[in-house]
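Participant: Sequence below, structure please.
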Amino acid sequence: MAAIGLGLIALISTPISLVYSIFGLCNGRNLFKKIFPVYVLGMGLLAYAYTPLGTPDLVRYFEIIDRCKGLSLLEVIRMLNDGLWVENIIYWLVAAVNMPHLLPFFAAITVYGSMGYIAIDAAERFDSNRILIIYLFQIMAVPFIGTISNVRNISAFALIILAVYRDMVQKKRDIVTILLYILPCFWHSMGFFLVLTRLICLLSGVIFVILAGILIFTPQFITLLYTNNIFHNAPGTIGRMLNLFVQQAYGYMNDRGQNSTWTRSVMNSGSFRLQRIAFFAIAIIIIYFSIKHYRQTETEYDRKYDLFAIFIAGITLACNVTETTVYWRFGTATIIASGPILNSIFINNKYSSIIDKIISFLLLVCAFVLMLLNIRISRINIDYGEYFSTAFITSIYSVIAQLFWNLLV
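Facilitator: Modelled structure (predicted):
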């Protein structure tokens, strides 16, 4: 109770809540688990204080929210007409309370909440004492500004990974898990791709190997679907979602800069090249540890989760043929999913060979490099001076007060 009480006090300021969370993390998984809600809310408040500059996705979402003001839910659905009804409902709710910054707030608590829950539960499940080092790796590697600017895609991925963890590892096949599979697909159409990955993991033997091999040719496969209009006239909501997914995936993977200023900047940026290399290195390391754990464990469902992680990391590597930044979306998904694998690998120093220690060290080095690169890359989308001053005075109580005030007036 004392920890929770101090946590409620810490939430009077975003930096204080995060410092308090770091204190809990450094003092073991049991204390961190107790104050985990404080940490998640602290990350949400850090996102709430963010005002985007330039042209990240969040600017476009703020514009959509502004257009949704004063409209009914049905009018919003008709206006957007994209079949993503979860996305439509979120836009409508945020517009109704006139608090657009709730959008990055939701993204942060979704991503960091899902990632932290998985890491903590896996640490307890495997009785691992490495939660500090594992979560430090994840915090450094996941691009914070990129995640809260992206909002939909990474949030949808995080919820589906949480569903897979509940399904495969915890064996919780209840209504919550089902909703965690379904709802994200209607928040961002790329969610269908991750659910498809989960379904492929149900297969075994030669069929799985063949489908995993096809993974290498994902961009070419998407191009084939797009150029032949395979889902162009597909009936129903699912058909529309599949068609939207193919169009978006083709746009992500085939825009080589002819029509996109942003893509040209990515192609010519040394920072983005280094970021790509770091994400690919992490994906390779996660594949290595997943294969190692797969060979060591005798639990069928844990092995299925290993396959799922290998699949996501493999998609990250398959994005090597693209010039856009789609690689970081799947790279971030790989990092979110890595908690159970890293916990089980490091349990009781079970894998203590020199090679594994070197690879583990390289994993942390890659994460640290990513953190520095993400800070550098995000400078075009944020005024850090204004951002930190706003974050310092942002509290959960001021957000709640603003919410109630907007509802009343």
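
Participant: in the chain, which residue is closest to the centre?
Facilitator: Ile154 (3.5 Å; CA atoms, centre = their mean).

Participant: Tell me the helices and strands packed up against the helix or strand that contains Val59.
Facilitator: Taking DSSP states H and E as the criterion, Val59 maps to helix 57-68. Packing contacts for helix 57-68, counted by 3 or more CB pairs under 8 Å, 6 or more residues apart in numbering; DSSP states H and E, involve helix 73-80, helix 85-96, helix 102-125, helix 144-150. In short, each C-beta sits where N, CA and C put it, glycine included.

Participant: try 6 Å
Facilitator: Secondary structure elements in contact with helix 57-68, counted by 3 or more CB pairs under 6 Å, 6 or more residues apart in numbering; DSSP states H and E, are helix 85-96, helix 144-150.

Participant: gap between the residue lying closest to Ser344 once chain neighbours are set aside and Ile161?
Facilitator: Take Ser344 and drop its neighbours on the chain: the residue closest to it by CB to CB, 6 or more residues apart in numbering is Phe126, 4.9 Å away. Phe126 sits 18 Å away from Ile161, going by CB to CB, to the nearest Å.

Participant: Please report the distance of the closest residue to Ala141 other than its chain neighbours from Leu317.
Facilitator: Leaving aside its chain neighbours, Ala141 sits nearest to Ala367 (4.0 Å; criterion: CB to CB, 6+ apart). Separation of Ala367 from Leu317 (CB to CB) stands at 18 Å.

Participant: same deal with Ala309?
Facilitator: For Ala309, the distance to Leu317 - CB to CB - is 13 Å.

Participant: if you count what's nearby, which of those two comes out ahead?
Facilitator: When neighbours are counted by other CB atoms under 10 Å, Ala309 and Leu317 differ, and Ala309 comes out ahead with 29 against 20.

Participant: Just list the residues touching the more buried one, thanks.
Facilitator: If you count contacts by CB atoms under 6 Å, 6 or more residues apart in numbering, Ala309 has them with 290, 337, 341.

Participant: Sticking with it, tell me its helix or strand.
Facilitator: helix 300-318.

Participant: Check which residues of that helix are buried.
Facilitator: Using 16 or more other CB atoms under 10 Å as the test for burial, helix 300-318 gives 302-318.

Participant: Return the alpha-carbon coordinates of it using PDB.
Facilitator: Provided in PDB are the C-alpha atoms of helix 300-318 (Å, rounded to 0.1, in the frame of the first residue of the first chain):
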ATOM      1  CA  GLU A 300       4.800 -27.000 -27.000                       C
ATOM      2  CA  TYR A 301       3.200 -23.600 -26.500                       C
ATOM      3  CA  ASP A 302       6.400 -21.900 -25.500                       C
ATOM      4  CA  ARG A 303       8.000 -23.300 -28.700                       C
ATOM      5  CA  LYS A 304       5.100 -21.800 -30.700                       C
ATOM      6  CA  TYR A 305       5.800 -18.400 -29.200                       C
ATOM      7  CA  ASP A 306       9.400 -18.900 -30.200                       C
ATOM      8  CA  LEU A 307       8.200 -19.500 -33.800                       C
ATOM      9  CA  PHE A 308       6.000 -16.400 -33.600                       C
ATOM     10  CA  ALA A 309       9.000 -14.200 -32.500                       C
ATOM     11  CA  ILE A 310      11.200 -15.700 -35.200                       C
ATOM     12  CA  PHE A 311       8.500 -14.900 -37.800                       C
ATOM     13  CA  ILE A 312       8.300 -11.200 -36.700                       C
ATOM     14  CA  ALA A 313      12.100 -10.800 -36.600                       C
ATOM     15  CA  GLY A 314      12.200 -12.500 -40.100                       C
ATOM     16  CA  ILE A 315       9.700 -10.000 -41.500                       C
ATOM     17  CA  THR A 316      12.000  -7.200 -40.100                       C
ATOM     18  CA  LEU A 317      14.900  -8.700 -42.100                       C
ATOM     19  CA  ALA A 318      12.700  -9.100 -45.200                       C
END
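
Participant: Which elements pack onto the helix or strand just after that helix?
Facilitator: Scanning forward in sequence from helix 300-318 by DSSP H and E, the next helix or strand is helix 326-337. The contact analysis (3+ CB pairs under 6 Å, 6+ apart) places helix 326-337 against helix 152-168, helix 270-296, helix 300-318.

Participant: What angle do helix 300-318 and the longest one make with each other?
Facilitator: Relative orientation of helix 270-296 with respect to helix 300-318: 150 degrees, computed using axes from the mean of the first three to the mean of the last three CA atoms, to 10 degrees.

Participant: And the average pLDDT for helix 270-296 is what?
Facilitator: If you average the pLDDT over helix 270-296, you get 89.

Participant: before we move on, what about the shortest one?
Facilitator: Per-residue pLDDT values across helix 152-168 average out to 94.

Participant: For it, name the packing helices and strands.
Facilitator: In this structure, helix 152-168 packs against helix 102-125, helix 175-182, helix 191-200, helix 300-318, helix 326-337, with contacts taken as 3+ CB pairs under 6 Å, 6+ apart.

Participant: now do the longest one
Facilitator: Secondary-structure packing of helix 270-296 (3+ CB pairs under 6 Å, 6+ apart): helix 300-318, helix 326-337, helix 339-346, helix 354-377.

Participant: May I see the buried residues of the last one?
Facilitator: By that I understand helix 354-377. Buried residues in helix 354-377 (16+ other CB under 10 Å): 356, 359-360, 363, 366-367, 369-371, 373-374, 377.

Participant: cool, stretch 276-290 as well?
Facilitator: For stretch 276-290, by 16+ other CB under 10 Å, it's 276, 278-290.

Participant: quick one on the thing from earlier: of all the helices and strands packed on helix 57-68, which lies closest to Ser271?
Facilitator: Proximity to Ser271 (CB to CB) singles out helix 144-150 among the helices and strands packed on helix 57-68, at 12.4 Å.
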